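J.: sharing a model prediction with you, sequence too.
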Amino acid sequence: MKIKNICVFCSSSDVISEDYKKVARDLAKLMVDKEFTLVNGGSKVGLMGIMSRKVKEEGGKSIGVIPQLIYDKDLACHNTDELIVTENMRDRKEKLSELADAFIALPGGFGTLEELMEVLTLKQLEVHQKPIVIMNTNNFYKKLLEQFEVYYQNDFSKADYKNLYFVAENTDEAIEYIKNYIPEDIVSKWYKANLKL
């Protein structure tokens, strides 16, 4: 499959550790070097703003998608090549998914987690077959990944679904996985009980 646009889910906080900001800048530069277009939430703050500004600085292309309620707070990033304003948060997520050929989740808060879980669920349901990367900077997602293991071990989800996503420790791993991604058949999520009638 041809991958051009990478949607990056990430933090909107400006007060997080410099470690996370550096990864965002490194990813933005690598995406430009590999001729990928950045798609993100369109905010000028946090890792979103850092990535959009870095992409522009490096001569790349980016598309921001921001809901009206955040745009009205003067939080939109105008360093993007295209800024799309949606009616609400749901429409924003739908537009991000529509534009994306691949997804990367950098460290983030509740919004990032919601976005990641939605694209994972939709892939599980075979709505899409796009690559999903979880960027585990400083073991940020360690506890979440451990919770996934609880699902697998207790049959709340199938262990096959480890193939829905790739856990990257650095930006090179993330981009390499996306570049070489080959969609696989997805195992049905529906468990069938062994019932005696």
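T.: The structure has been received and is ready for your questions.
J.: how much space between residue 41 and residue 69?
T.: 12 Å (Cβ to Cβ, to the nearest Å). In short, each C-beta sits where N, CA and C put it, glycine included.
J.: who has more neighbours out of those two?
T.: residue 41 (30 against 13; other Cβ atoms under 10 Å).
J.: so that one makes contact with residue 63?
T.: No: contact criterion Cβ atoms under 8 Å: residue 41 and residue 63 do not qualify, at 10.5 Å.
J.: which parts of this protein are strands?
T.: Ranges of strands in the chain, per DSSP state E, are 5-9, 37-40, 62-67, 82-86, 102-105, 132-135, 166-168.
J.: give me the mean pLDDT for the last one.
T.: I take that to be strand 166-168. Model confidence over strand 166-168, given as mean pLDDT, is 98.
J.: residue contacts, residue 67?
T.: By Cβ atoms under 8 Å, 6 or more residues apart in numbering, the contact set of residue 67 is 85, 86, 87, 88, 89, 91, 92.
J.: now the third one. Nearest residue, chain neighbours left out?
T.: Spatial nearest neighbour of residue 87, chain neighbours left out: residue 68 (6.1 Å); criterion: Cβ to Cβ, 6 or more residues apart in numbering.
J.: what's the pLDDT at the one you found?
T.: Taking residue 68 on its own, its pLDDT is 98.
J.: try residue 85
T.: The model reports residue 85 with a pLDDT of 98.
J.: number of nearby residues for the spatially closest residue to it that is not a sequence neighbour?
T.: Closest residue in space to residue 85, ignoring its immediate chain neighbours: residue 71 at 5.2 Å, by Cβ to Cβ, 6+ apart. Under the neighbour criterion other Cβ under 10 Å, residue 71 is assigned a count of 16.
J.: hmm, residue 88 and residue 71 touching each other?
T.: No: with contact defined as Cβ under 8 Å, residue 71 and residue 88 do not form a contacting pair (11.3 Å).
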